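[1] mind folding the following:
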Amino acid sequence: MISTFVVEDDPVLAEAHAAFTRRVPGFEVAGIAGLGTEALRMLATREVDLLLLDLYLPDVHGLDLCRAMRARGHQADVIVVTSARDLALVRSAVALGVVHYLLKPFSFAAFSERLHGYAEYRRRIADEPGETTAAGQDDVDQAFAALRHAPRTPPLPKGLAAATLEAVVARLRTGTRVSAADIADAVGVSRPTARRYLDHLSARRLVQREPRYGGAGRPEFVYRWLGDGPPV
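    The predicted structure follows:
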C-alpha cells in the first residue's frame, strides 16, 4: 500500500481529498494535517510515501514545507494540490522534485489518473532483488512517462472562481440535496451567484436539478451530486 498524507488547511477539502485517496486501489491515508508544522511533526513519527500538499497553508507556504522536509531527510514524493496558477510556483515545484501539480477543482477521474500514474511510476523504479540499475533508456523513459497525463481541465466560464467552485462541490458531496440558498449560506456568496455555480455543474452533468414542492408559489429547485465525472 502507498501511504499517503493529506496536507490541507480546509477541513472539508482535506476530508474530500482523503476520501478520494481511499477510493484508489493501492493507496491508504496515513494522516491529515492542516498546518505545515503539524505535518512535519507527523512525518517524524510515521513512514509516508506520498504527500498531497496544498500550497497556501496558514503557517508556511507549501514549497517551504517541501524544503523543510528535504532538509530533515524526508524522502516522500509530493503531489501539489492547489488553485495556484502562477508559473513561477510551477517552476519552483518542479525544481523541488514535485511529481504532479494538480489544479483545483478537479474530478475524481483526474485525481485517480494521477495516483494510478504515480503508482505505476513507483512500480517501474522499484528495486528488484539483486537489481539496482535500469536496464536501459527505455526503462527510464517508461518510468517517467507513467507520471504524465493527457486530459486537460476546461476553463471555467467567465466570472466563476476555481476556489469557490471547489467549495460548492465539497458541499454537494456531503450527499444531501441542497438548494441555491443552502449553497449561498455554506460558501458565503449570494443566491444568484450560487445558482450560477450550480447551473455550471448541471451543464457538466455533475449534479441533477429537481423541483421541491412546499408552500404556495413556484417550486424551489434542489441539487443532487451525481458523482465524479468529467473535470468541472
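[2] in the sheet, who's paired with the residue most central in space within the chain?
    Note on the chain: the residue nearest the mean C-alpha position is Val81, at 4.9 Å, using C-alpha atoms, centre = their mean. Note on Val81: beta-bridge partners by DSSP bridges are Leu102.
[3] tell me the contacts of it?
    8, 17, 52-54, 102, 104 (C-beta atoms under 8 Å, 6 or more residues apart in numbering). Where you see a C-beta, it was placed from the backbone N, CA and C, and this is true even at glycine.
[4] what number of residues lie near the nearest residue to His116 once chain neighbours are set aside?
    Once flanking residues are discounted, His116 sits nearest to Val24: 6.9 Å by C-beta to C-beta, 6 or more residues apart in numbering. Per other C-beta atoms under 10 Å, the neighbour tally for Val24 reads 19.
[5] surely Val24 meets Leu115?
    Yes. Between Val24 and Leu115 there is a contact at 4.6 Å, judged by C-beta atoms under 8 Å.
[6] now the helix ranked longest in the chain, how far from the chain's geometric center?
    As assigned by DSSP state H, the longest helix anywhere in the chain is helix 108-125. Relative to its parent chain, helix 108-125 has a centroid offset of 13 Å by C-alpha atoms, centre = their mean, to the nearest Å.
[7] do stretch 113-127 as well
    Distance, centroid of stretch 113-127 to centroid of chain: 18 Å (C-alpha atoms, centre = their mean).
[8] just the buried residues of it, please?
    113-119, 121-122, 124 (16 or more other C-beta atoms under 10 Å).
[9] turn those into a markdown table, including pLDDT.
    A markdown table is the format used below for these (pLDDT from 0 to 100):
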| residue | pLDDT |
| --- | --- |
| Glu113 | 87 |
| Arg114 | 89 |
| Leu115 | 91 |
| His116 | 87 |
| Gly117 | 87 |
| Tyr118 | 90 |
| Ala119 | 88 |
| Tyr121 | 84 |
| Arg122 | 85 |
| Arg124 | 76 |
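[10] now the element after the helix or strand bottoming out on mean pLDDT in the chain, going C-ward?
    Among the helices and strands of the chain, helix 137-145 carries the lowest confidence by mean pLDDT, DSSP states H and E, at a mean of 58. Using DSSP states H and E, the next helix or strand after helix 137-145 towards the C-terminus is helix 162-172.
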